[in-house]
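A.B. asks: got a predicted model here, sequence first, then my questions.
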Amino acid sequence: MLGLWVAGRPFNRANSLPPSGGGADTERMHQVVCPVLIAREDEFRVLRDGLDAAVAGRGQVVFVRGEAGVGKSRLARELTAHADAQGVTVLTGRAVAGGVPTAFRPFAEALLSGLRRHPVPDTDELRSYRPVLGSLVPEWRPRTRIPGAESPVAVGEGLLRLLGVLGGDRGCLLVLEDLHDADPESLAVLEYLAQNIGRARILCMGTVRDEKTGPGVELVGSLTDGRIAQVVDLSRLDADATTRLSRACLGATVLPTEVESSIRAGAEGLPFLAEELLAGLVGAGVLVERDGAWSVTGAVDWHLPPSFAAAVTRRLDALAGGGRGVLRAAAVLGRTFDWRLLPAISELDEATVVAALREATEAHLLTVSGATFGFRHALTREAVLADLVPPDREHLAARGLAALEQAHPGLDGGWGELAARLAEDAGQHTRAAELLLDLGRRAISAGALATAEGTLRRARSLLVASPQLEIRIDDALIEVFELTGQIDLAFDLGDQLVGRLDMAALLPTGAAGLHRRLARVAVAAGRWDLAADHLTATRITAPLQVSAPDASDEVIAAQIALGRGQLENAARFATAALAAAERTGHPATACEALEVIGRVARQRSLAEAENAFGRGLSIARSNGLEFWRLRALHELGTVDQLRTETVDRLRQARELALDLGALALVATLDLQIAAGLVKQFRPDEGLAAARSCIEASHRLGLATLPMALIAQAAAHGQLGDSDEMEYHHHNP
């Protein structure tokens, strides 16, 4: 049962707040919170039944939807307590409001807190997904990034498996709050979970504010309309329920009539507001307890303003010393905040700040757990921010940015998102754009491409007169467009940059670097003529002092020739690229050149192809280039298959792909292995490989599915299972 603190009663010293520099200490104050559910029995029963079903192996996603203050988080806490009592593993994360999204934020927060309490066993089931889950758990992030490995589908599948392992036979409850503020990657993972959770021992509960708009609210509506997820809609309490809640908050059988009527009128059916208004009365000494009975000492209306914002303002006014300034500074930082930044922002000494935090906790404006402070509710922070005029908010945001950059110079660990928001709130748009560019590049590195695109577009929208920064942002956007397959957008933006006279001087790689990137984009898209045009422009715009051929350009030329079927030219360019790469010490380019050489050689001599791919494998191993090592092993395995149908090196490539989290390639290799084993008349092994490919193809939506089903049918045929063979042949 949640504790209750009222004026004049002892408080709990079990969790102390951080001491001030002057030696003062503060204590955690209990909040005026209803200890029991009021008029939510039916809604809680739906959640409890959903948890019971999940524990039995029928997983599902349930959303609790309603306006701010209606009790969504209260239901989540009640379900969490119930799950804990049942031995269910509980993980909780929250999306955060703000213009700068953090990819996978609610899932990452849930896992980071959960993994500290529930160590993950090193199982074969999770092996291939650990690199993918590096998007959520930083220590699992691999040194070698495989393009496309961090897709939301792959992350979602990895998350399902991880939660299944963590939950075991007891099941797992994943609580995601404030999904109306969720980032694009989180929403994509959530959609995957909803569609694939049915056979897992997992209940995913999400909360969403229905008065908000945006992708999160739309996804919840779409999933529930399609009956993929369930929704529990919370409405406001009626007058009777509001009265019962008020009494339960104070452990009373009855409250003064004027108090109950005022709470009913002021709260308007919102449980949170009812609790806040009671807290205001108790904190002001208007509502007091004597000998187990509650009575009023003054006019209730005077202490019960007509709106919540006015109630918060009145309590701010009542704070002593610099309390009001401390709370304003905290509100600028966010719903939760690092109290150590507040002295610099509020321009008060640490002892005064700690005293203000203590008083604000007593006034039920803040909550505290250990060293972490937060506003009691999102509405509380919004009310404090509403008390600020724009110049005040800009000033506090500027001081907050300066304090944050001094305390965390690298802005790692999520501080970059806060810094960008503070810079924007402070009106420092160029600085905000710089920070957003850095965040966008970090998102690209993490494979969170939707977040990267949104962040970079926001950065570009803030610029007024900063040509160099604008070009750097556009250069990063071209990379995002390339990685997401938005080829036309990449070329359109690239053409805009090429047409700028100042581009060559302002872009870090110069005009030649931009044309080189666009040439690679065109190669990836199979647009050979366009690739050749950009490659020619690369050579024209390169510095005049560069006379020797660039290894990277020669590789691109080789790839263009190979795409056009000009094998002799491809071999010549690739050989030149290899020589230049070895001369200048670029092993990755050497591996890329040897791959082209091997593919050309494979047309006439498998021995020559094996020699080229083997040389690439050796270079990759010597230089720790895991991506190129994987590609070389795959090519060597393909040569073996063409020559003898052996699958040993394909299996080596599969093991490495598992280690690197290259799940789509694992499925492709399973298909090749299955085909090879069937041709060797090893149907049992071939069937296992085909089934592995089929499962991954279904889960990840891969194009390998039809051929895997054919391989499965062929294996059944060799085993004499004619019925199974016919079924899988006619039901691909």
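C.D. replies: Ah, there it is.
A.B. asks: can you show me the strands along this protein?
C.D. replies: 60-66, 89-94, 172-177, 202-209, 230-233, 287-290, 293-296, 336-337, 366-369, 372-375 (DSSP state E).
A.B. asks: for the shortest one, which strands pair with it and how are they oriented?
C.D. replies: This points to strand 336-337. Partners of strand 336-337 in the sheet, by DSSP bridges, are strand 372-375 (antiparallel).
A.B. asks: same question, the second one
C.D. replies: Under the criterion DSSP bridges, strand 89-94 sits next to strand 172-177 (parallel) in its sheet.
A.B. asks: repeat that for the first one.
C.D. replies: Pairing partners of strand 60-66, with direction, according to DSSP bridges: strand 202-209 (parallel), strand 230-233 (parallel).
A.B. asks: picking up where we left off before, make TSV out of the strands of the chain and add mean neighbour count, distance to Leu281 and mean pLDDT.
C.D. replies: For glycine as for every other residue, the C-beta is placed from the backbone atoms N, C-alpha and C. Output for the strands of the chain, formatted as TSV (neighbours: other C-beta atoms under 10 Å; distance: least, C-beta to C-beta, whole Å; pLDDT from 0 to 100):
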stretch	mean neighbour count	distance to Leu281	mean pLDDT
strand 60-66	24	25	96
strand 89-94	22	30	93
strand 172-177	26	29	96
strand 202-209	26	27	96
strand 230-233	17	31	95
strand 287-290	16	4	88
strand 293-296	16	8	90
strand 336-337	19	27	88
strand 366-369	20	18	82
strand 372-375	19	20	86
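A.B. asks: ok, now how distant is the residue nearest the centre of the chain from Gly447?
C.D. replies: With the centre of the chain defined as its mean C-alpha position, the nearest residue by C-alpha atoms, centre = their mean is Phe104, 0.8 Å away. Computed as C-beta to C-beta, to the nearest Å, the Phe104 to Gly447 distance reads 10 Å.
A.B. asks: now swap in Arg199 and tell me
C.D. replies: Counting by C-beta to C-beta, the gap from Arg199 to Gly447 is 27 Å.
A.B. asks: the two: who's more crowded?
C.D. replies: Neighbour tally, Arg199 and Gly447, criterion other C-beta atoms under 10 Å: the higher count belongs to Gly447, 26 against 11.
A.B. asks: surely that one is in contact with Ser151?
C.D. replies: Yes. Contact status for Gly447 versus Ser151: in contact at 7.5 Å, counting by C-beta atoms under 8 Å.
A.B. asks: count of residues packed around the residue lying closest to Asn569 once chain neighbours are set aside?
C.D. replies: Spatial nearest neighbour of Asn569, excluding adjacent residues (C-beta to C-beta, 6 or more residues apart in numbering): Ala561 at 3.9 Å. Other residues lying near Ala561 total 22 when counted by other C-beta under 10 Å.
A.B. asks: need the pLDDT of Ala561.
C.D. replies: For Ala561, the pLDDT comes out at 95.
A.B. asks: in contact with it, which residues?
C.D. replies: Shown in contact with Ala561 (C-beta atoms under 8 Å, 6 or more residues apart in numbering): 567, 569-570, 573.
A.B. asks: at 7 Å instead, please
C.D. replies: 569-570, 573 (C-beta atoms under 7 Å, 6 or more residues apart in numbering).
A.B. asks: for those, give me TSV that also has distance to Cys204 and pLDDT.
C.D. replies: Output for the contacts of Ala561, formatted as TSV (distance: C-beta to C-beta, whole Å; pLDDT from 0 to 100):
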residue	distance to Cys204	pLDDT
Asn569	55	94
Ala570	50	94
Phe573	52	94
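A.B. asks: ok, so of the residues you listed, who is nearest Lys679?
C.D. replies: Using C-beta to C-beta, Ala570 comes nearest to Lys679 of the contacts of Ala561, at 29.9 Å.
A.B. asks: residues near the closest one, how many?
C.D. replies: When neighbours are defined as other C-beta under 10 Å, Ala570 has 22 of them.
A.B. asks: many thanks, we can stop here.
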